[in-house]
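Participant: need coordinates for the following:
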Amino acid sequence: MEAAAVLEKLASFVSGQRPAGDLGDADKVWLAELPKLIGREQIDEILVGSGNQEVNLLDPASLNASGQAAVLLEKLYFGLRAMYAAYQAGSTPVIVAPGDYGSVGSFISAETTARVVIHNRAVAEKLKTQYDSGSFEELFELCQKNRVFALKVNDQNGLVTTAEAEENWEMSARQWVTDTVRCGDIERTLNPQGWRKALITLCDFYSQDEEMAAMANSIADPDYYRAGGLLNGVAHIFLPTTLKRDTSWFNNKRLESHGLALRAICDTVAACGSQSWAFSEAELGTAGGTIAQSIVCLASYLKAINTDKNGRVDFNAPSAGPWEEIPFPEGLTWDTEAMRSGFAALRDLMFNSTYDGNASIEHIRQKIRADQNGYGHWLKDAKDIDYLLKQARGKIIDRLFGNVLPVESPHRPMDCSLAFISTSTITFGDDVVSDVHMHLQLLQVLEERLVRAHGIVRYAPFSLTLDDGRKESVFDAYLADNYWLHPDLRKLVTGLGDNARDFGSSDCSTHEDYVSRVKLARSGTEAQWCFVSVMAEAYCRQVLKMKDELKRPGRDVKIDVELNRLIGFGTAKAAEYLNRSFARITPEGAVKANGRDCPAWAIPEAYEMVSPIGPKSTSDVGAVAGANTPLAWGQASLYSACALFRQVLAD
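Facilitator: Below you'll find the model as predicted:
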């Protein structure tokens, strides 16, 4: 019996056409095909669950008696459907280096890394190795017409739905501070009122009693955060219906979120009167108290937790970073830049004389300095902010260029979040050419180490130091290796995981949970993420920086040859990474890695590695659009890169 026929049988139960608890002897025929479909033809039973909850999926009587037939058959159907999608997409052998599950290996060879897999045929017809304004506009308009960049925005509060995957509550119903800020890359242009509402909603979240208490405790005693538990900090996830922190999440150590929020709020105040997306005079009048309180409390919080007991600013606050896993001591490089850029925006808001005649901005300045919590005293002059900026920049440059390779953390060195730094406001060199050279050097290392055929992996395998001092070789196992398959079936396919468990999109920030998740996947099957568009944006920003330098009166014309060479290189790399990003757009009729229908013309959070149905299930994997498709942050990131590339081509 063909795989399609087995899926059809399962579909009849999932749709309700047949009652799930009424299997008979006739069903033994197609149930007997299941071992073959998962590459285990030699077995005569498939046991799921344990103890008195154990069920044999090949035995109709066992399924009927379990009382779980409906749930199990549905899980089986969607799991096999994803595997069938991987079979149709084509697969590649998993190549694991000698050793245990934690050995460093890659399922993509060096020559495959350079290949770009294009998933949507209509997109493929528009991709070019070189673009002019006209050809790129055709590509952009094709995607715009097919709603690639369409976000789901709440008209009342301006918040954007994180991921339109209703079957995954954890991603569709929660609100992330980072994603809210990142979606501003679209909202500021297409829905400026929504953007302003979203930021006011963020300020309302920061004003909640729990967050104010977390900031007050950390400001009073930085060790409350620095030496405290995972919950000791300001939350970065909240429920949009209540604006309360998500109590099912146990890690409040994602610091880049609050740096990004501080920058976004300050910039949106400072642009009052000059940009359509800026806070209006009326908004700064009615919400000014909440906005000012959020600015001064966030800034004071980030300053306090990055200061040691001797009063030296070290930016060593432990952070979980954008991946929200184990918080590492000594700070993270990207998180440091996110906070530095927030402080830079605050300095601009408070001390840029250009704004002195703006009554609305001056109103916010006064509220910040006279903060009722007593935190605003250090903002009466720029001295403390300048010290923060100096310390942060020094740490970032040392981390990126003080070693053979750039480092996100001494504890997890190679991480794609370093690419965010080259989209931010930091400068590395004293002149444009040296600055751009250093940014390009960083991006090239990330390309060599982390870019794959369907996206970019979040970080390279590394050695994790456990609580007892032992070291464990680990890799990014979130969304890896048949992640959504029933845990007991996943074990049969991968051959790993004595303690089968379904992690989903839940918190995984303890050493125990993190290592347990790693042990369920094979090295080299990491998910490949949407942040290739961040690489495109980073290259665009470097090119625009150089083009501005070419226009600057009084520059040293001797550097023009090098500037033009770098502009050509950067433009070509931006086009390459835009192509990689557009190549990830989903086709019609696709299926996601969790077996659900995949929306067409969507940007997946990640392409996930799923075993193909049939005899190669235990040896191969294929790339299937991830469960969280579309991801709003991915849409906003590509939109931002496109907007910058249009500027590159227009100049």
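Participant: can you map out the strands along the stretch 101-250 of the chain?
Facilitator: 175-176, 237-239, 244-245 (DSSP state E, counting those that start in this stretch).
Participant: state the mean pLDDT of the second one.
Facilitator: To tie it back to what came earlier, the one meant is strand 237-239. For strand 237-239, the per-residue pLDDT values average out at 96.
Participant: buried residues in it?
Facilitator: For strand 237-239, a neighbour-count test (16 or more other CB atoms under 10 Å) marks I237, F238 as buried. C-beta here means a position set from N, CA and C on the backbone, and glycine is covered the same way.
Participant: give me the sheet partners of that strand and which way each runs.
Facilitator: With DSSP bridges as the test, strand 237-239 is paired with strand 175-176 (antiparallel), strand 244-245 (antiparallel).
Participant: what helices or strands is whichever helix or strand comes after the last one leaning on?
Facilitator: Sequence order places helix 255-270 as the next helix or strand after strand 244-245, per DSSP states H and E. For helix 255-270, the packing partners by 3 or more CB pairs under 8 Å, 6 or more residues apart in numbering; DSSP states H and E come out as helix 177-182, helix 192-206, helix 288-305, helix 333-351, helix 359-369.
Participant: of all those, which one is nearest Y375?
Facilitator: Among these, the nearest to Y375 by CB to CB is helix 288-305 (4.0 Å).
Participant: can I get the CA coordinates of the closest one in PDB?
Facilitator: The C-alpha trace of helix 288-305 is given here as PDB (Å, rounded to 0.1, in the frame of the first residue of the first chain):
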ATOM      1  CA  GLY A 288       3.500  61.300  28.000                       C
ATOM      2  CA  GLY A 289       3.700  60.200  31.600                       C
ATOM      3  CA  THR A 290       3.700  56.500  30.800                       C
ATOM      4  CA  ILE A 291       6.100  57.000  27.900                       C
ATOM      5  CA  ALA A 292       8.600  59.100  30.100                       C
ATOM      6  CA  GLN A 293       8.300  56.600  32.900                       C
ATOM      7  CA  SER A 294       9.100  53.700  30.600                       C
ATOM      8  CA  ILE A 295      12.100  55.500  29.200                       C
ATOM      9  CA  VAL A 296      13.700  56.400  32.500                       C
ATOM     10  CA  CYS A 297      12.900  53.100  34.200                       C
ATOM     11  CA  LEU A 298      14.200  51.000  31.300                       C
ATOM     12  CA  ALA A 299      17.300  53.000  31.000                       C
ATOM     13  CA  SER A 300      18.000  53.000  34.800                       C
ATOM     14  CA  TYR A 301      17.300  49.200  34.900                       C
ATOM     15  CA  LEU A 302      19.800  48.500  32.100                       C
ATOM     16  CA  LYS A 303      22.400  50.800  33.600                       C
ATOM     17  CA  ALA A 304      22.100  49.200  37.000                       C
ATOM     18  CA  ILE A 305      22.300  45.500  36.000                       C
END
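Participant: got the angle between it and helix 359-369?
Facilitator: Angle of helix 288-305 versus helix 359-369, following axes from the mean of the first three to the mean of the last three CA atoms, to 10 degrees, is 50 degrees.
Participant: which residues does F136 contact?
Facilitator: C642, F645, R646, L649 (CB atoms under 8 Å, 6 or more residues apart in numbering).
Participant: adding secondary structure and distance to T178, write those residues out as JSON lines.
Facilitator: Putting the contacts of F136 into JSON lines (DSSP: H, G, I helix; E, B strand; the rest coil; distance: CB to CB, whole Å) gives the following:
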{"residue": "C642", "secondary structure": "helix", "distance to T178": "21"}
{"residue": "F645", "secondary structure": "helix", "distance to T178": "23"}
{"residue": "R646", "secondary structure": "helix", "distance to T178": "25"}
{"residue": "L649", "secondary structure": "helix", "distance to T178": "29"}
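Participant: among the residues you listed, which two are most distant?
Facilitator: C642 and L649 (10.5 Å).
Participant: break this protein into its domains for me.
Facilitator: 3-93, 166-409 (automatic domain parsing).
Participant: for R517, find the nearest of those.
Facilitator: domain 166-409 (9.3 Å).
Participant: how long is that closest one end to end?
Facilitator: 35 Å (CA to CA, to the nearest Å).
Participant: return the distance of the residue nearest to C183 when sequence neighbours are not counted relative to L298.
Facilitator: For C183, ignoring the flanking residues on the chain, the nearest one in space by CB to CB, 6 or more residues apart in numbering is V160 at 4.2 Å. Distance of V160 to L298, computed by CB to CB, to the nearest Å: 21 Å.
Participant: of all the helices and strands packed on helix 255-270, which one is nearest P413?
Facilitator: helix 333-351 (9.8 Å).
Participant: shaky segments in the stretch 1-150 of the chain?
Facilitator: Residue ranges of the stretch 1-150 of the chain with pLDDT under 70: 1, 91-92, 94-115.
Participant: which helix in this protein runs the most residues?
Facilitator: The residue-count maximum for a helix in the chain (DSSP state H) belongs to helix 560-583.
Participant: what comes up buried for that helix?
Facilitator: For helix 560-583, by 16+ other CB under 10 Å, it's 563, 566-567, 570-571, 573-583.
Participant: looking at those, which is nearest Q635?
Facilitator: Using CB to CB, the buried residues of helix 560-583 come closest to Q635 at S581, 10.5 Å.
Participant: how about that closest one: what's its closest non-neighbour residue?
Facilitator: Per CB to CB, 6+ apart, closest to S581 is S533, 4.1 Å.
Participant: what about that neighbour, which SS state?
Facilitator: Assigned by DSSP: H, G, I helix; E, B strand; the rest coil, the conformation of S533 is helix.
Participant: what do you get for D44?
Facilitator: From three-state DSSP, the assignment for D44 is coil.
Participant: list the contacts of it.
Facilitator: Taking CB under 8 Å, 6+ apart, we find D44 in contact with P35, L58.
Participant: that older thread, against I118, how distant is the residue nearest to C183?
Facilitator: 27 Å.
Participant: ok, these two, which is more surrounded?
Facilitator: V160 (26 against 17; other CB atoms under 10 Å).
Participant: just the C-alpha atoms of the host helix or strand of Y607, please, in CSV.
Facilitator: Assigned by DSSP H and E, Y607 belongs to strand 606-610. C-alpha atoms of strand 606-610 as CSV (Å, rounded to 0.1, in the frame of the first residue of the first chain):
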residue,chain,number,x,y,z
ALA,A,606,12.6,28.4,9.7
TYR,A,607,12.9,25.5,7.4
GLU,A,608,12.9,22.4,9.5
MET,A,609,14.6,19.1,8.8
VAL,A,610,12.1,16.2,8.5
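Participant: what's that strand in contact with?
Facilitator: By CB under 8 Å, 6+ apart, strand 606-610 touches 82-83, 85-86, 107, 454-455, 479-485, 525-530, 584, 593, 621-628.
Participant: so what strands line up beside it?
Facilitator: strand 528-529 (antiparallel), strand 620-625 (antiparallel).
Participant: looking at the contacts of F136, spot the one nearest V493.
Facilitator: C642 (38.4 Å).
Participant: find the residue closest to the closest one in space, skipping its chain neighbours.
Facilitator: F140 (5.5 Å).
Participant: distance of the one you found relative to I118?
Facilitator: Distance from F140 to I118, by CB to CB: 16 Å.
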